[in-house]
Structures are given as C-alpha cells and as structure tokens.
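1. When you get a sec, could you give me coordinates for this:
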Amino acid sequence: MPVGTQGTVKTVGSEDIEGLGFEQVLSNTYHLSLRPGADLVEQLGGLHRFMSWNGAILTDSGGYQVMSLSNTRKIDDQGVTFRSHLDGSLHYLPPERSIEIQGQLGVDISMCLDECPPYPCTRDEAANAMRRTHLWAPRNLAVRRETQAVFGIVQGGVHEDLRRESAEFISSLPFDGVAIGGVSVGEPTEMQYPVVEFTAPLLPADKARYLMGVGHPKDILHGVASGIDMFDCVLPTRMARHHALYTLDGRVNIRAKRWADHNGPVDEGSVFPQTERYSAAYMRHLFVAGEALGARLATLHNLAFYARLMREIREAIEQGTWPELAARYAQA
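-> Predicted structure coming up:
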C-alpha cells in the first residue's frame, strides 16, 4: 500500500496510483481527524470521494502517531489524551472513538487502536503495551459499522512468549485480518526478521496477514516468505523526495555527479512507462535546480518499482519461481 497519510500520496494523484496498478492505499486517522476533520470528510461523501480514489483504503488507527507524541500525551487503560501537533488543542482518543472516526471516513479496513511500544523498551514495557492492546481489542470491535472491516494487531516486542500470547489472543477474536505491529520502529533488521518469522505462522491462515510499516524490498521478500500478505511503508515516496531511486542494482542517489551527463536511465532493468522518457541527467538537473517535478518523477519511478515487485511476487507464488525472483531482487 502506498502511504497517503493525509489523504494524498505526496506529489502524485489518485489517477497516477491507479495507473500504476495499486489497488489499496493507506491513510491516517490521527492526521485526518485533526485536519480537515472526520465530520467534514463524512459530509463530503467519505474519504474515497474526497480524494477521488477508486480503490480500497486502509486507515491506521492513529495510535502510532499518538504514541510518538511522548511529551504531549497521557495513556491509561481507558484511552489516550494528547495535544494536537497543529495547534496544541487537547484531544481524547479511546478505542471506540478511533473506530468511529474511521467509520466516518468510510474506509474499507480500519485498524484497531493499540499501544505500540518504542524501541528500545524493557520486557515489562512490551508486556504492558501488549496487555493494554488486548484490553482495548474487544472495545474496538464493539463499535464497528456493519460494513467496516477491522484488523487486530499483535504486539509483544522481540519476546517470543509475548508474541505467542498476543497472537493467540488476537486470533481468538472476530477480527477480519491480523497485523504484526511493533516492528519497523527503529530496531535493526537482525532483530526484526526473527519476530516476523516466528509470529506470522501463528496468525490465522484464512485471514489477511499484515506487516505494518515494513517496506525495504528485501524486507518485503522476507515477509512474504514468512507468510505475510500486506505491507505499507513511506520509503518509496519519502526516499524519492530525498532524491533516492530504487533499482535492481540497489538504491541510487540521483543528485550524484555521476548522473550529470548520463543520457539514459539509472538502470536498464528498472525502466517504467511513467518516467522512461526522462534521462538520469534531466532528473538530476531537476533536483539540483529545486524543481518540484524532480520529486514527482522520482516518486512515480519508485512506486512503479514497488508495483512491479509486488506483481512479480504474486506471479512467483503462482508459478513456483520464488528462487528466481529472490535472485532478481538480490541487490535492490
């Protein structure tokens, strides 16, 4: 899922995302509830109509953003009280309100409000965040609308016994899908991989498995091999705005001097219809000159790279060609 936090995937329109073949995007409850507000989005026909998007939408509960406001929020078993990063106004977000806001937005998949512990954290902190996530889980489900799919979230940090306990509890509830949370929060890859490998097989095989916030190409391949179905990450769009392009030969800095007179693509194996008419030299010029088109073209390139990656993953699963796929993206 491309990340459109505030109802927009930065620098591109819904027609671009659809043209690339994506069928679902992610937006954020916290940001949209503060601006422009859930009431207004509902009044205008829901988030699909508001952003003119014909695919599906998943919304993060806002919990991660609220938890990151460590200096301006207070959390207890009832919910979270926090101050807006926009104007300092005071807000209260219990699980019920998070689901209600997502219902107002009219999205297809709503994420339950959970507590996402930071990295690093102690075992006690991870266990307490898991306990509160479990306490809130039934409250999320109790207020969902009839057509509102809600996913549960497994917590537990890097501790296998906590992850097993959380997977068993969340899987026992009537969620429509289950996510692994609390990874990609700053921990090194060598700590992330064992958690994903251990936890994914514990989740229901007949429900979508979602790995939240993970997006390096190699991490996606590892997640799929572990049993994950869904991913989101800001990397392809954020890195594009910071002049980094994803290719089969690895990530490259398009501002580097090596591209100044390169009258061709950065990688012959990573050429896409959306941007193939533009040379590496031209894209470098756009960034050096501070032209907004540079960020847009880089974003289109990276999203096309990820769209192809996901398409080829699906094909490899269907055709039994996973080793060849892994070799193809070995340097990405």
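2. Next, the contact list for residue 53, please.
-> 14, 17-18, 25, 47 (CB atoms under 8 Å, 6 or more residues apart in numbering). From N, CA and C alone the C-beta is placed, and that goes for glycine too.
3. Ok, residue 8 next?
-> Applying CB under 8 Å, 6+ apart, the residues near residue 8 are residue 51.
4. what separates it from residue 150, distance-wise?
-> Look at residue 8 and residue 150: by CB to CB, to the nearest Å, they are 24 Å apart.
5. hey, where'd the strands end up in the stretch 201-332 of the chain?
-> Under the criterion DSSP state E, counting those that start in this stretch, the stretch 201-332 of the chain contains strands at 208-211, 230-231, 244-247, 250-253.
6. out of those strands, deepest packed?
-> Counting by mean count of other CB atoms under 10 Å, strand 208-211 has the highest mean neighbour count of those, with a mean of 24.
7. Report the rounded mean pLDDT for it.
-> Mean pLDDT, computed over strand 208-211, is 98.
8. Kindly report the same for stretch 83-100.
-> 94.
9. which parts of that stretch are buried?
-> 91, 93-100 (16 or more other CB atoms under 10 Å).
10. Mind picking the two most distant members of those residues?
-> Farthest-apart pair in the buried residues of stretch 83-100 is 91 and 99; separation 15.5 Å (CB to CB).
11. neighbouring contacts of whichever strand or helix holds residue 129?
-> Per DSSP states H and E, residue 129 falls inside helix 123-142. Helix 123-142 is contacted from outside by 75, 77, 94-96, 98-99, 112-117, 121, 150, 152-153, 155-159, 162, 165-166, 169-170, 173-175, 181-182, using CB under 8 Å, 6+ apart.
12. Can you dump the C-alpha atoms of that helix in PDB for me?
-> C-alpha atoms of helix 123-142 as PDB (Å, rounded to 0.1, in the frame of the first residue of the first chain):
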ATOM      1  CA  ARG A 123      10.300  -6.500  28.700                       C
ATOM      2  CA  ASP A 124       7.900  -5.000  31.200                       C
ATOM      3  CA  GLU A 125       7.100  -2.100  28.900                       C
ATOM      4  CA  ALA A 126       6.500  -4.500  26.000                       C
ATOM      5  CA  ALA A 127       4.300  -6.700  28.200                       C
ATOM      6  CA  ASN A 128       2.300  -3.800  29.400                       C
ATOM      7  CA  ALA A 129       1.700  -2.500  25.900                       C
ATOM      8  CA  MET A 130       0.500  -5.900  24.900                       C
ATOM      9  CA  ARG A 131      -1.800  -6.100  27.900                       C
ATOM     10  CA  ARG A 132      -3.400  -2.800  27.000                       C
ATOM     11  CA  THR A 133      -3.700  -3.700  23.400                       C
ATOM     12  CA  HIS A 134      -5.600  -6.900  24.500                       C
ATOM     13  CA  LEU A 135      -7.800  -4.800  26.800                       C
ATOM     14  CA  TRP A 136      -8.700  -2.500  24.000                       C
ATOM     15  CA  ALA A 137      -9.200  -5.100  21.300                       C
ATOM     16  CA  PRO A 138     -12.900  -6.100  22.200                       C
ATOM     17  CA  ARG A 139     -13.700  -2.400  22.600                       C
ATOM     18  CA  ASN A 140     -12.600  -1.700  19.000                       C
ATOM     19  CA  LEU A 141     -14.800  -4.500  17.700                       C
ATOM     20  CA  ALA A 142     -17.900  -3.400  19.700                       C
END
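13. Buried residues of it, list them for me.
-> 126-127, 129-134, 136-137, 139-141.
14. neighbours of residue 16, just the number please.
-> Counted with other CB atoms under 10 Å, the neighbours of residue 16 add up to 18.
15. Where does it sit: helix, strand or coil?
-> The three-state assignment at residue 16 reads helix, by DSSP: H, G, I helix; E, B strand; the rest coil.
16. Wait, it touches residue 297, no?
-> No - with contact defined as CB atoms under 8 Å, residue 16 does not reach residue 297; the gap is 11.1 Å.
17. List phi and psi for residue 58.
-> When read as degrees, to the nearest 10, the backbone of residue 58 gives phi -110, psi 140.
18. same question, the one 5 residues further on
-> Taking degrees, to the nearest 10, you get phi -60, psi -40 for the backbone angles of residue 63.
19. Distance check, it against residue 172.
-> 21 Å.
20. more crowded one of those two?
-> Neighbours around residue 63 and residue 172, counted as other CB under 10 Å, are more numerous at residue 63. The numbers are 25 against 11.
21. quick one: low-confidence ranges for the stretch 201-332 of the chain?
-> Low-confidence segments of the stretch 201-332 of the chain, defined by pLDDT under 70: none present.
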